[in-house]
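test case, fold it:
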Amino acid sequence: MAYTKAKLRRAYFALAKSFGMSEEDRHAWNQSRVGKESTRAWSYQDWKDAVAALQLMAGQGAAPGRPRLKAEKGVDAVESGDFATERQCELIETLCDQVAWRLGREHGPRAYVVKHFLADARYALVKARLGEAEGPARWRRLPRLVARDLIIALRKMARAYPLRETVG
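The predicted structure follows:
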């Protein structure tokens, strides 16, 4: 998962404080662990390595170089690059086929997503690109959490408004 540098920095200093590290202790640990005394010279990977190492020391179950942090509130795929998975895209497409859309199958799902999930201004680019592709690839630019919520909504809609096959 992609984390912002600020999130990793907050986690690093919180963990260092929980160990009771003084500034001198922290600088010595930085030098021994990362090879750079000051955090100002750290790269993104250095931050990830340091946080993961402190989490391992604290028994928090992180893997080396792969810290485990909660997702930041307000940060989504538009900012972090965490987009819908292929499996989510295929499931969305399958569920869209099971719903009777008032606007028709071609326009109904896109209109529903834009109105109920992408109303915020930060999704302007996602909205613009939503109609560029067809099939499951159409949903690839959705933020992963939006895709998850859309799947939940589509499952409910498929039960409430099932597609009825016409005979004749």
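
what's the residue closest to the geometric middle of the chain?
residue 82 (3.8 Å; CA atoms, centre = their mean).

and the gap between that residue and residue 107?
27 Å (CB to CB, to the nearest Å). Placement of C-beta: from N, CA and C, glycine included.

what's the answer for residue 122, then?
24 Å.

then residue 149?
Distance from residue 149 to residue 107, counting by CB to CB: 21 Å.

equivalent analysis for residue 10, please.
44 Å.

got it, and residue 61?
46 Å.

for these two, indicate the residue with more neighbours.
residue 107 (12 against 8; other CB atoms under 10 Å).

list the contacts of the more buried one.
When contacts are counted by CB atoms under 8 Å, 6 or more residues apart in numbering, residue 107 touches residue 101.

who are the packing partners of the lengthiest helix in the chain?
For the chain, the helix with the greatest residue count under DSSP state H is helix 144-160. Contact here means 3 or more CB pairs under 8 Å, 6 or more residues apart in numbering; DSSP states H and E; on that basis helix 144-160 packs against helix 77-80, helix 86-97, helix 108-116.

least trustworthy helix or strand in the protein by mean pLDDT?
Least confident helix or strand, the chain: helix 77-80 with a mean of 51, by mean pLDDT, DSSP states H and E.

hmm, back to that, export the helices and strands packed on helix 144-160 as CSV, with columns for mean neighbour count and distance to residue 3.
Listed next are the helices and strands packed on helix 144-160 as CSV, based on neighbours: other CB atoms under 10 Å; distance: least, CB to CB, whole Å:
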stretch, mean neighbour count, distance to residue 3
helix 77-80, 16, 8
helix 86-97, 17, 21
helix 108-116, 17, 27
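
right, and those - which one's nearest residue 143?
Closest approach to residue 143 among the helices and strands packed on helix 144-160 (CB to CB): helix 77-80, 3.3 Å.

quick revisit: what's the least confident stretch among the helices and strands packed on helix 144-160?
Lowest mean pLDDT of these: helix 77-80, a mean of 51.

quick one: the closest residue to residue 151 other than its chain neighbours from residue 24, how far?
Spatial nearest neighbour of residue 151, chain neighbours left out: residue 91 (5.7 Å); criterion: CB to CB, 6 or more residues apart in numbering. The gap separating residue 91 from residue 24 is 53 Å, by CB to CB.

which parts of the chain are helices?
5-18, 23-33, 44-57, 77-80, 86-97, 108-116, 124-129, 144-160.

now those as CSV including distance to residue 68?
Below are the helices of the chain laid out as CSV (distance: least, CB to CB, whole Å):
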stretch, distance to residue 68
helix 5-18, 10
helix 23-33, 18
helix 44-57, 7
helix 77-80, 16
helix 86-97, 22
helix 108-116, 31
helix 124-129, 27
helix 144-160, 17
